[in-house]
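Okay, predicted coordinates and the sequence, questions at the end:
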Amino acid sequence: MESARQTKRVRVYVSGRVQGVFFRDSTRERAERLGVSGWVRNLPDGRVEAVFEGEAGAVDELVRWCHEGPPHARVEGVEVEEEPASGGARGFEVR
């Protein structure tokens, strides 16, 4: 019998020069390549909020990538809150 893959769900708040479409799109593309689903939106205070769910290792890799920031984004801080995994998140929505 195969063991179930461990899934993880996190809510990430990224601050710095990350406001705008570039950061959201690059984060979404990176997440999709890793097999992680979720959504990303800009907050009024300039941070980007993202919720990601997928295999634990892929989610952890994506959070590390958010800490570094994609090219042309200056990431000043990343706050991560773990949430209960729903196991049903599929697709990707950018808000």
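Arrived safely, thanks for sending.

Neighbours of Val14, how many?
26 (other CB atoms under 10 Å). For the C-beta atoms, the positions are set from N, CA and C on the backbone; glycine is no exception.

partner residues bridging the closest residue in space to it that isn't next to it in sequence?
Closest residue in space to Val14, ignoring its immediate chain neighbours: Val48 at 4.7 Å, by CB to CB, 6 or more residues apart in numbering. Per DSSP bridges, the residues bridged to Val48 are Val14, Asn42.

show me the contacts for Val48.
13-14, 18-19, 23-24, 27, 40-42 (CB atoms under 8 Å, 6 or more residues apart in numbering).

who touches Glu53 in this structure?
Here Glu53 is in contact with 7-10, 36-38, 59, 85-87, 89 (criterion: CB under 8 Å, 6+ apart).

Identify, from these, the entry nearest to Val75.
Val10 (15.8 Å; CB to CB).
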